[in-house]
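Undergrad: my questions are about this predicted structure, shown below with the sequence.
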Amino acid sequence: MAKPKVKPLGDRVLVKPVEEEEQVKGGIIIPDTAKEKPQQGEIVAVGDGKTNDSGNKISLTVSAGDKVLYGKYSGTEVRLDDEDYLIMPESDILAIID
């Protein structure tokens with residue numbers, strides 16, 4: 001996976017969703033439209049951080065390469081270099097996976 005040349009602004013991050021393994025139960029094939037969206041991914045790029053009321057930069061907790069969990073309907077879907085990504089504020093990230 002080549003890293004896209006995108007720099008998120010402020011407290012936003014660029015996430016590559018991790019596709020889960022397709023599991024077929026009882027021989028039934030689930031169509032793509034019925035599958036749930038993945039809720040975990042890998043941080044590809046991060047913004048510079050948010051500026052508080054005093055004018056100080058607050059750096060982000062996550063960094064590129066972190067594997068994260070995020071809300072089901074979080075972020076804005078974007079397509080870069082024929083790959084799907086999400087851009088979301090850091091506050092939409094629920095946890096970092098070790």
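TA: Perfect, thanks for sending it.

Undergrad: from now on I want contacts and neighbour counts done on CA atoms only, so please keep to that.
TA: Will do.

Undergrad: what are the phi and psi values at residue 92?
TA: Residue 92 adopts backbone torsions of phi -80, psi -10, taken as degrees, to the nearest 10.

Undergrad: that one and residue 54, how far apart?
TA: Counting by Cα to Cα, to the nearest Å, the separation of residue 92 from residue 54 is 24 Å.

Undergrad: out of these two, which sits in the busier spot?
TA: The residue with more neighbours, out of residue 92 and residue 54, is residue 92; 16 against 6, by other Cα atoms under 10 Å.

Undergrad: any regions of this structure where pLDDT drops low?
TA: Segments of the chain classed as low confidence (criterion: pLDDT under 70) are 1-2, 20-38.

Undergrad: please point out which parts of stretch 78-91 sit buried.
TA: 85, 86, 87, 88, 89, 90 (16 or more other Cα atoms under 10 Å).

Undergrad: residues near the residue nearest to the fifth one when sequence neighbours are not counted, how many?
TA: The shortest distance from residue 89 to any residue that is not its chain neighbour, by Cα to Cα, 6 or more residues apart in numbering, is 4.1 Å, and that residue is residue 12. Applying the criterion other Cα under 10 Å, we find 22 residues in the vicinity of residue 12.

Undergrad: what of residue 39?
TA: Neighbours of residue 39 (other Cα under 10 Å): 18.

Undergrad: how much space separates it from residue 69?
TA: 6 Å.

Undergrad: ok, residue 47 next?
TA: Distance from residue 47 to residue 69, counting by Cα to Cα: 18 Å.

Undergrad: which helix or strand contains the residue nearest the centre of the chain?
TA: Taking Cα atoms, centre = their mean, the centroid of the chain lies closest to residue 15, which sits 2.7 Å from it. Element membership of residue 15, judged by DSSP states H and E, is strand 12-17.

Undergrad: after that strand comes which helix or strand?
TA: With elements assigned by DSSP H and E, the helix or strand that comes after strand 12-17 is strand 40-46.

Undergrad: need the contact list for residue 76.
TA: 86, 87, 88 (Cα atoms under 8 Å, 6 or more residues apart in numbering).

Undergrad: for the residues you listed, give me TSV that also has secondary structure and distance to residue 3.
TA: Converted to TSV, the contacts of residue 76 look like this (DSSP: H, G, I helix; E, B strand; the rest coil; distance: Cα to Cα, whole Å):
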residue	secondary structure	distance to residue 3
86	strand	14
87	strand	14
88	strand	17
